[in-house]
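Colleague: below are the sequence and a predicted model for it; my questions follow.
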Amino acid sequence: MGLAVTTSEFAPGALPLREELLRHGNNHVCSTRGWEALADGHGWHQPTPSDCWLAPARRVSVVIPAHQVGYCLPTVLDALNAQHHQYEFEVVVVDDASTDDTAYVAARHEVVDRLVRLPQRMGAATARNVGTVVATGQTVLYLDGDMVIPPHVITDVAARATDTSVLVGFRHNVRHEVHFQDSAILGRIPNLAADHRVVWRPPPNILLPYSGITLPEPLDGRPLDDTHDFVDLGYGQSYYDWDLPRMVVTALVAVPRAAVLDVGGFDPEFGRIGWGMEDTYLGACLIAAGLLVIPLRQAVGFHLDPPDAAEQWQQKLASWPRTLARYRDLLERSAPRGRTQDFIASMSELLTHCEVFP
């Protein structure tokens with residue numbers, strides 16, 4: 001079966017996305033300080049108590065794209081089931097045509113509200129698009145199928161989410177041979193500094209493909225701190241190899257569902273040609289639409305490596321030049337806007353070919 005999923009259209013005569021990004025700052029200080037003033041002195045970056053009165057402000061839908069993650073999905077879903085959030089939230093798993101027991105695990109776990117099985121492998125971008133349309137919450141928390149989050153994260157997101165913010169979490173990678181033997185991983189505390197957006201030590205004298213620069217000496221980089229929680233990355237600024245769109249990583253990120261629908265979701269072409277960059281492009285589109293990218297330092301999850309992590313990583317890196325080229329091409333086009341109706345129609349058509357449970 002060959003299924004086509006439409007991509008976003010672009011408005012003729014509008015500014016290229018690359019130029020549009022230069023017009024938008026990222027000074028979110030008023031947002032974070034305003035929230036703290038209402039939260040009786042509770043810090044923006046502190047884990048949120050389950051009884052925080054701000055917590056029920058927005059309903060959260062967790063969307064998990066899943067492909068061959070049977071080795072870790074039970075732990076990921078158990079962590080969601082252990083959230084101390086006192087209000088209803090939704091979990092949608094979209095199985096990207098897995099051949100292992102991914103769908104079996106999702107279908108039988110009590111925390112999963114909806115399971116969708118794609119008819120063929122279509123990539124994480126399409127899986128997230130389907131999950132976004134199926135979701136009913138005002139805020140969508142995109143969570144990778146190998147990410148285990150601490151019990152306060154859903155409340156952190158629900159209490160802080162707005163129509164104009166992209167809330168960015170972080171990840172602590174754990175090798176398969178470590179987490180496979182660690183039955184108590186739900187009780188461990190992930191380390192913020194394990195994320196490259198927090199502590200970054202790039203190799204010298206090697207071309208960095210995203211920015212095209214080469215660093216002559218070793219660098220002990222601190223992207224999060226040195227950019228004042230990404231504030232200094234507004235107006236198209238960069239920190240060596242990092243810019244604001246690249247900080248939007250869908251391993252753990254919360255966005256307003258309406259804004260994702262408006263820009264037409266993730267560009268599915270990324271999933272067809274390789275790995276990566278679909279979240280960077282979505283981030284660029286949301287920034288161009290006026291949203292602020294705000295980190296949540298306390299929202300750090302464990303990323304659980306698969307048994308063949310080294311092999312998978314090499315495959316991903318081999319395809320990155322193609323997805324990077326796609327991203328650079330899209331930067332020269334205008335950002336998609338007003339795509340909600342067409343996007344929902346396209347995903348609804350795809351859903352007619354999917355298995356949906358319940």
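Modeller: Good, I have the coordinates. Numbers count the residues shown, from 1 in each chain.

Colleague: now Ala79. Nearest residue, chain neighbours left out?
Modeller: Residue nearest to Ala79 in three dimensions, not counting chain neighbours: Val148, with 4.6 Å by C-beta to C-beta, 6 or more residues apart in numbering. For glycine as for every other residue, the C-beta is placed from the backbone atoms N, C-alpha and C.

Colleague: strands along the stretch 251-358 of the chain, start to end?
Modeller: Applying DSSP state E, counting those that start in this stretch to the stretch 251-358 of the chain gives strands spanning 252-256, 292-304, 355-357.

Colleague: can you add distance to Ser211 and give the ones you listed back as TSV?
Modeller: Shown next, in TSV, are those (distance: least, C-beta to C-beta, whole Å):
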stretch	distance to Ser211
strand 252-256	22
strand 292-304	18
strand 355-357	42
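
Colleague: which of those is buried the deepest?
Modeller: Among these, strand 252-256 has the highest mean neighbour count (mean count of other C-beta atoms under 10 Å), at a mean of 25.

Colleague: go ahead and confirm the residue nearest to Ala79 touches Gly187.
Modeller: No - Val148 lies out of contact with Gly187 (C-beta atoms under 8 Å); the separation is 10.8 Å.

Colleague: which of the two has more neighbours?
Modeller: A count of neighbours by other C-beta atoms under 10 Å puts Val148 above the other of Val148 and Gly187, at 26 against 10.

Colleague: so Gly234 makes contact with Asn27?
Modeller: Yes - contact criterion C-beta under 8 Å: Gly234 and Asn27 qualify, at 6.4 Å.

Colleague: between these two, who's got more neighbours?
Modeller: Between Gly234 and Asn27, counted using other C-beta under 10 Å, the more crowded position is Gly234 (20 against 13).

Colleague: for the more buried one, grab phi and psi.
Modeller: Gly234 adopts backbone torsions of phi -70, psi 170, taken as degrees, to the nearest 10.

Colleague: OK, contacts around it?
Modeller: Shown here is Gly234, whose contacts under the criterion C-beta atoms under 8 Å, 6 or more residues apart in numbering are 24-27, 244.

Colleague: kindly recompute the last result at 6 Å.
Modeller: Gly234 is in contact with 25-26, counting by C-beta atoms under 6 Å, 6 or more residues apart in numbering.

Colleague: contacts for the helix ranked longest in the chain next, please.
Modeller: Counting residues, the longest helix in the chain under DSSP state H turns out to be helix 309-331. For helix 309-331, the external contacting residues (C-beta under 6 Å, 6+ apart) are 17-18, 269-270, 273-277, 281.

Colleague: how about 8 Å then?
Modeller: The set of residues external to helix 309-331 that reach it, using C-beta under 8 Å, 6+ apart, is 16-18, 175-176, 209-210, 267, 269-270, 273-278, 280-281, 284, 306.

Colleague: just the buried ones among those, please.
Modeller: Among the contacts of helix 309-331, the ones that count as buried by 16 or more other C-beta atoms under 10 Å are 17-18, 176, 210, 267, 269-270, 274-278, 280-281, 284.

Colleague: just the residues you listed: which are in helices?
Modeller: Using DSSP H, the members of those that fall in helices are 17-18, 176, 269-270, 278, 280-281, 284.

Colleague: want to throw those residues into a markdown table with pLDDT and distance to His67?
Modeller: Below are these laid out as a markdown table (pLDDT from 0 to 100; distance: C-beta to C-beta, whole Å):
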| residue | pLDDT | distance to His67 |
| --- | --- | --- |
| Leu17 | 97 | 28 |
| Arg18 | 97 | 31 |
| His176 | 82 | 16 |
| Glu269 | 96 | 17 |
| Phe270 | 95 | 14 |
| Glu278 | 96 | 14 |
| Thr280 | 98 | 20 |
| Tyr281 | 98 | 20 |
| Ala284 | 98 | 25 |
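
Colleague: closest one to Pro203 out of the residues you listed, please.
Modeller: Nearest to Pro203 among those, counting by C-beta to C-beta, is Thr280 at 21.4 Å.

Colleague: find the nearest non-adjacent residue to the closest one, please.
Modeller: With C-beta to C-beta, 6+ apart as the criterion, Thr280 has its nearest non-adjacent residue at 4.8 Å, and that residue is Pro245.

Colleague: could you give the number of residues near that neighbour?
Modeller: So Pro245, with other C-beta under 10 Å, has 24 neighbours.

Colleague: do the same with Gly145
Modeller: Neighbours around Gly145, by other C-beta under 10 Å: 27.

Colleague: wait, what's in contact with it?
Modeller: Contacts of Gly145 by C-beta under 8 Å, 6+ apart are 64-67, 69, 72-73, 76, 93, 102.

Colleague: inside helices: which ones of those residues?
Modeller: Those of these lying in helices (DSSP H): 73, 76, 102.

Colleague: quick one: which of those residues is nearest to Thr250?
Modeller: Val76 (14.5 Å).

Colleague: what pairs with the nearest residue to that closest one once chain neighbours are set aside across the strands?
Modeller: In this structure, Val76 finds its nearest non-sequential neighbour in Val148, 5.6 Å apart by C-beta to C-beta, 6+ apart. Counting by DSSP bridges, Val148 is bridged to Phe302.

Colleague: look up phi and psi at Asp95.
Modeller: The phi/psi pair for Asp95 (degrees, to the nearest 10) is phi -80, psi 120.

Colleague: spit out the contact partners of it.
Modeller: Neighbour list for Asp95: 66-67, 102-103, 106, 115-118, 127 [criterion: C-beta under 8 Å, 6+ apart].

Colleague: out of those, give me the one that has the most neighbours.
Modeller: Ala106 (30 neighbours).
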